[in-house]
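K.L.:
Need a 3D model of the sequence below.
(4 chains)
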Number of protein chains: 2
Amino acid sequence: MSPPMTPARTRNAAATRTAILEAARKRFAHEGYDQTGVREIASDAGVDAALISRYFGGKEELFGEVLACAPNIAEFLDGDRDSFGERVAQMLAVEPMREEKFELFLIMLRSASSPKAAEAIRRHSHDAFYQPLETWLGGDDAAVRARLLSCVMMGATMNRVIYEDYLLDGQQRQELCEALARTLDNYVSGPV
Amino acid sequence: MSPPMTPARTRNAAATRTAILEAARKRFAHEGYDQTGVREIASDAGVDAALISRYFGGKEELFGEVLACAPNIAEFLDGDRDSFGERVAQMLAVEPMREEKFELFLIMLRSASSPKAAEAIRRHSHDAFYQPLETWLGGDDAAVRARLLSCVMMGATMNRVIYEDYLLDGQQRQELCEALARTLDNYVSGPV
DNA sequence: GGGCCATGTCATCAGTTGGTGACTTCTAGG
DNA sequence: CCTAGAAGTCACCAACTGATGACATGGCCC
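P.N.:
A predicted model of the protein is given here:
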């Protein structure tokens, strides 16, 4: 069936690397670092597990590369300042979970307990989340307000993940959303 | 030295059980479910690892028992209503980390990613945290406000754990505390 | 077309994990 | 004193993990 001229993706190092990276990103976000085995990643990517060691050095280094290319805070920051709380609260509480948007959070939540992954998470989340957020906020107490925003966003994400949709119905999620929006905007507009 | 009449704790099933439970509680809170091995728990408790299976059935059941006897929300709830935010915010941001108070949170944060532990966590945190909190709050939207409080408290705990003391100095933690207190009290006094 | 290196496959290792059952030893009760 | 059963010890298993090195094979350049 498939024309032999385009051997699809055989013997293509770049494509293989990408496939591994993509499969790993999803697995790490869904299951966490510990719960994800290199064999599962390889299977998802349709390659041999040995290639992970060959291309990335090992599971730990692969995790680092996944973090490096994971979506960052920019997803939340573009858009006008006044509607930040409303936008983010909608994503956190009302809209169906958009995994791509919160992938960094999901990876953090589910992998932070692994010593092997913890350091990479600390470093990357600081560089790709807090620093940009702090800069975007501006002002003397930007560091504090960035932490406050992080607390609410991470706490909400964690609650939503642990308890399916907060165990709340649509109406209640709407109320949750409004309260979150006010709190977030309060932190954005600061000062505390 | 020790009088031979009281053979300390040898051949005492109840004391052994307690020792295992205590050691497991600390390990699970500090390292999480996955990162804690039955051999480590047994070593801490000064007993043989086989006794864990004998007394509790297995690691998973042990985890369940640990949750059952972990400190619950009552720690935060006793005291007058008006000062709830201030009290909790102080514990979250200013005072040195009081592990006993937040043990349930720590266990949750570090073990929620383990499928074996997740179900027990969901069930127990609902019974020992959300339900009492919701009752304590009262009112129509108590469920929503309980979630809001949980988001802030869990998010703050997680931030403090991942980044040592939020990476903030004392002055900034004080500002953080004041903002958290206002937010928490806002959710307590509700309605949203 | 032929050699050669990048690419992919495979078998296997060493370490760790939770768990089990046979064994020993202590203690209580007669 | 002596037995019976509880309490504790020990050796070991089966499963799984990440990783490695030997090997096969495809494609590109000369």
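K.L.:
and stretch A:115-129, is it in reach of DNA strand C?
P.N.:
No - if you take Cβ under 7 Å from any atom of the strand as the test, stretch A:115-129 misses DNA strand C, and the best it gets is 11.7 Å. The way it works is simple: take the backbone N, C-alpha and C, and place the C-beta from them, glycine included.
K.L.:
gap between that stretch and the chain center?
P.N.:
12 Å (Cα atoms, centre = their mean, to the nearest Å).
K.L.:
now stretch A:139-155
P.N.:
17 Å.
K.L.:
again with stretch A:26-41
P.N.:
Put simply, stretch A:26-41 sits 14 Å off its chain's centre (Cα atoms, centre = their mean).
K.L.:
What of stretch A:169-185?
P.N.:
The chain centroid and the centroid of stretch A:169-185 are separated by 22 Å under Cα atoms, centre = their mean.
K.L.:
just stretch A:80-96 next, same as before
P.N.:
Offset of stretch A:80-96 from its chain centre (Cα atoms, centre = their mean): 16 Å.
K.L.:
buried ones in the helix or strand of chain A with the lowest mean pLDDT?
P.N.:
Here the helix or strand of chain A ranked lowest by mean pLDDT, DSSP states H and E is helix A:74-77, holding a mean of 88. Neighbour-count burial for helix A:74-77 flags A:75-77 (criterion: 16 or more other Cβ atoms under 10 Å in any protein chain shown).
K.L.:
for it, packing partners?
P.N.:
Other helices and strands packing on helix A:74-77, by 3 or more Cβ pairs under 8 Å, 6 or more residues apart in numbering or on different chains; DSSP states H and E, are helix A:84-89, helix A:99-111, helix A:131-137.
K.L.:
looking at those, which has the lowest confidence?
P.N.:
Within the helices and strands packed on helix A:74-77, confidence is poorest for helix A:99-111, with a mean of 91 (mean pLDDT).
K.L.:
orientation of that one relative to helix B:103-111 in degrees?
P.N.:
If you take axes from the mean of the first three to the mean of the last three Cα atoms, to 10 degrees, helix A:99-111 sits at 110 degrees to helix B:103-111.
K.L.:
Which residues does helix A:99-111 contact?
P.N.:
A:25, A:28-35, A:63, A:66-67, A:70-73, A:75-76, A:91, A:117-118, A:121, A:125, A:128-129, A:153-154, A:157-158, A:161, B:112-113, B:158, B:162 (Cβ atoms under 8 Å, 6 or more residues apart in numbering or on different chains).
K.L.:
Buried ones only from those, please, as a ChimeraX command.
P.N.:
Selection of buried members from the contacts of helix A:99-111 for ChimeraX, criterion 16+ other Cβ under 10 Å:
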select /A:25,28,29,31,32,33,34,35,63,66,67,70,72,73,75,76,91,117,118,121,125,128,129,153,154,157,158,161 /B:112,113,158,162
